[in-house]
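Participant: Quick one, structure for this:
(one chain, ligands or ions: 2)
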Amino acid sequence: MTDPLLSLAGVRAGYDLTEVLRGVDMTVEEGSVVSLVGRNGVGKTTTLRSIVGNVSPTAGTITFDGEDITDLPTEQTIQRGITFVPEDRRVFPGLTVRENIEMGRLGAGGETSVDEVLETFENLKERADSHGSVLSGGEQQMLAIARALVADPDLLLLDEPTEGLAPYIVRDIEDIIRELNDQGITVLLVEQNIPVALEVSEYTYILEKGRIVHEGPAASVRENTAVLDRHLGVGSVE
Ligand SMILES: Nc1ncnc2c1ncn2[C@@H]1O[C@H](COP(=O)(O)OP(=O)(O)OP(=O)(O)O)[C@@H](O)[C@H]1O
Ligand SMILES: [Mg+2]
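Facilitator: Ligands and ions are numbered 1, 2, ... in the order given. So this is what the prediction gives:
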């Protein structure tokens, strides 16, 4: 068996006096889409921040591509191939779509061109010279993902990409995640939308109070109504 692309072992992390992660263990196999789900405030975003080096773990180990990256700062994790798309999208309103995407290359040194990235995003391609300020919520999310791709990531960390989006745009985001995965990018997806998480990913981790309390193939988690109810407060998944 080959080693996983990413693994977290006993990771503890938090902010000042608050410990948020209390020993997180998880692995992401190369070429997979893995989801991380859980109620509000359990530490999902903090987990992603720990991986990219935005938050420093106080204990435990994070390994990426066979190397210990536990204490690396963000500038170095991005160079090694990890890119984080934050929940708030951070589109620059005064820059064009093309310029926004170009910003993703800063510090990353990727070789993918903006035009290559735009091939995956039909509606952004049509608006390449429009300003960020005129984009819809769905287009902003697409732009945030497109910007991550010029960094040539091996591992893409997505924090609630479907939040606040209309159902038909949510389907577009699902399609994009699948397409990127087909292109060879491994994805770790944080989602509040449990049906989306279980639909797009092949393996799921459930986080509760800073610990993984359940994990398994998405298809089996979907059938496990007791687990869905106990840890996520949802009775069943359509
Ligand atoms: N910068 C910060 N400083 C202090 N506490 C923080 C900070 N960011 C998050 N927290 C706290 O850490 C805990 C975990 O937050 P985190 O954002 O990781 O949760 P989450 O699972 O992503 O939640 P959500 O579903 O709301 O996005 C929360 O109690 C939150 O209030
Ligand atoms: Mg969050």
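Participant: Could you check how many residues crowd around residue 38?
Facilitator: 25 (other Cβ atoms under 10 Å). Every C-beta, even on glycine, is put in place using the N, C-alpha and C of the backbone.
Participant: now the closest residue to it other than its chain neighbours, what's its secondary structure?
Facilitator: Of all residues beyond its chain neighbours, the one nearest residue 38 is residue 207 (3.7 Å), with distances taken as Cβ to Cβ, 6 or more residues apart in numbering. Three-state call for residue 207 (DSSP: H, G, I helix; E, B strand; the rest coil): strand.
Participant: From here on, call the first residue 14.
Facilitator: Okay, using 14 as the starting number, the last item reads as residue 220.
Participant: Thought residue 55 was touching residue 220, still the case?
Facilitator: Yes. Between residue 220 and residue 55 there is a contact under Cβ atoms under 8 Å: 4.9 Å.
Participant: Between the two, point out the one with more neighbours.
Facilitator: residue 220 (24 against 21).
Participant: Okay, and residue 202 sits in which element?
Facilitator: Assigned by DSSP states H and E, residue 202 belongs to strand 199-204.
Participant: so what does that strand touch, helix or strand wise?
Facilitator: strand 46-50, helix 57-65, strand 168-172, helix 180-195, helix 207-213 (3 or more Cβ pairs under 8 Å, 6 or more residues apart in numbering; DSSP states H and E).
Participant: how about the helices in this protein?
Facilitator: 57-65, 87-92, 110-116, 127-131, 135-139, 150-162, 180-195, 207-213, 231-236, 238-240 (DSSP state H).
Participant: Residue 44 is nearest to which of these?
Facilitator: For residue 44, the closest of these is helix 180-195, at 7.5 Å, according to Cβ to Cβ.
Participant: could you dump that closest one to CSV, C-alpha only?
Facilitator: Below are the C-alpha coordinates for helix 180-195, written out as CSV (Å, rounded to 0.1, in the frame of the first residue of the first chain):
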residue,chain,number,x,y,z
PRO,A,180,-29.3,24.7,-5.8
TYR,A,181,-28.5,24.9,-9.5
ILE,A,182,-25.2,26.6,-8.8
VAL,A,183,-24.4,24.1,-6.1
ARG,A,184,-24.7,21.4,-8.8
ASP,A,185,-22.2,23.4,-10.9
ILE,A,186,-19.7,23.5,-8.0
GLU,A,187,-20.2,19.7,-7.5
ASP,A,188,-19.4,19.2,-11.2
ILE,A,189,-16.3,21.4,-11.0
ILE,A,190,-15.0,19.4,-8.0
ARG,A,191,-15.4,16.2,-9.9
GLU,A,192,-13.7,17.6,-13.0
LEU,A,193,-10.7,18.9,-11.0
ASN,A,194,-10.5,15.5,-9.4
ASP,A,195,-10.5,13.9,-12.8
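Participant: Sounds good, over and out.
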